[in-house]
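Engineer: sequence? don't have it. structure:
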């Protein structure tokens, strides 16, 4: 499980930005995770509760915005989200497709109290 | 007062910064580095053994082995003739840039031409963590099954070369090469791939040519 090191990065980034803003407390974190990024929300939350203890981010709420992986069919130009049926185009059923997005993994914003 | 701060920062940016330092260490030493990733049992260590044995007369190789426990892999790489260092990750499922950085600081890289980093056997996490190597190689194997690109798209997305190992087992296990290749092509169009067998030696020459020409 790599969620521990990922969660440590999340804490580091949020504390750094909060520090720059002279914040007293971090209350919310907004994370964006693409479907192809292998991150488990529950696991990040579990580690977060442990490692944020005794920091100004203790008790902050983690918000996970999940983005679907987007694909485009190179035959009929249909754009579609990756579902559970594999990579086939839902329109023309061909497999001649390209992945447009889905690898996102970043912190969008934080809410702080100053 | 409550304030919203726009961050927009990649979560793994700290790792990526150390990866850039690792890249600088390699470049300064005139070394090309390769990150080998695969599921457990795909044949990473066997491929490293065969690669080291065949290249050692021509160049100096170092192997950095990541494993959750034991020195077994580093011992095999060393027996084949490489300078070998073992990183025990202590449970982490992948190597990250920091682990590689501390290994590099312990090594005498003088005279080394090529470094192979053997990542932890895992088809999920290693792809997410940049190490600072120049190229990433994914080693798939016939007995794993032909559906792996579909099940583990992340691993197939970011690699520079694909080795399909254990092709000597093709007559004995169901593996639809066309189905496998179709998945690979969707995830990583035009990916250079090498079908080979570390056991019989079939296909190894083409792989070694690629490795040397990228070194």
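Structural biologist: In hand now; what should we look at? This structure is a prediction, so every number in the text was calculated from the model and none was measured.
Engineer: need the residues of chain A near chain B, please.
Structural biologist: Residues of chain A found near chain B (Cβ under 8 Å from any Cβ of the partner chain) are A:1-2, A:5-6, A:9-10, A:12-14, A:17-18, A:21, A:23, A:27, A:31, A:36-38, A:69, A:86-87, A:95, A:97-99, A:103, A:105-114. For every residue, glycine as well, the C-beta is placed using N, CA and C.
Engineer: okay, which residue is most central for chain A?
Structural biologist: residue A:33 (2.2 Å; Cα atoms, centre = their mean).
Engineer: beta partners of that residue?
Structural biologist: residue A:66, residue A:105 (DSSP bridges).
Engineer: that one against residue A:104, yeah?
Structural biologist: Yes. Between residue A:33 and residue A:104 there is a contact under Cβ atoms under 8 Å: 6.7 Å.
Engineer: who touches both of these two?
Structural biologist: Common neighbours of residue A:33 and residue A:104 (criterion: Cβ atoms under 8 Å, 6 or more residues apart in numbering or on different chains): residue A:67.
Engineer: circling back: show me the residues of chain A next to chain B that map onto strands.
Structural biologist: A:27, A:31, A:97-99, A:105-113 (DSSP state E).
Engineer: just to check, residue A:14 is in contact with residue A:26?
Structural biologist: Yes. Judged on Cβ under 8 Å, residue A:14 makes contact with residue A:26 at a distance of 5.4 Å.
Engineer: enumerate every residue touching residue B:106.
Structural biologist: With Cβ under 8 Å, 6+ apart, residue B:106 has these contacts: residue B:85.
Engineer: what does chain B put close to chain A?
Structural biologist: B:1-15, B:92-94, B:96, B:124-125, B:127-129, B:150, B:153-154, B:157, B:182-183, B:186-187, B:189.
Engineer: same thing but at 7 Å, please
Structural biologist: B:1-12, B:14, B:92-94, B:96, B:124-125, B:128, B:150, B:153-154, B:157, B:182, B:186-187 (Cβ under 7 Å from any Cβ of the partner chain).
Engineer: by mean pLDDT, flag the weakest helix or strand of chain A.
Structural biologist: Lowest by mean pLDDT, DSSP states H and E among the helices and strands of chain A is strand A:97-101, with a mean of 89.
Engineer: show me the contact partners of it.
Structural biologist: A:34, A:69-74, A:87, A:89, B:186-187 (Cβ atoms under 7 Å, 6 or more residues apart in numbering or on different chains).
Engineer: equivalent analysis for stretch B:84-94, please.
Structural biologist: A:1-2, A:5, B:63-69, B:71, B:74, B:77-78, B:95, B:99, B:103, B:106-107, B:119-120, B:122, B:125-126, B:129.
Engineer: same question for stretch B:172-183.
Structural biologist: Here stretch B:172-183 has contacts from A:95, B:142-143, B:145-146, B:149-150, using Cβ under 7 Å, 6+ apart.
Engineer: just put the residues you listed in JSON lines and tack on pLDDT.
Structural biologist: Output for these, formatted as JSON lines (pLDDT from 0 to 100):
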{"residue": "A:95", "pLDDT": "81"}
{"residue": "B:142", "pLDDT": "98"}
{"residue": "B:143", "pLDDT": "97"}
{"residue": "B:145", "pLDDT": "96"}
{"residue": "B:146", "pLDDT": "97"}
{"residue": "B:149", "pLDDT": "94"}
{"residue": "B:150", "pLDDT": "90"}
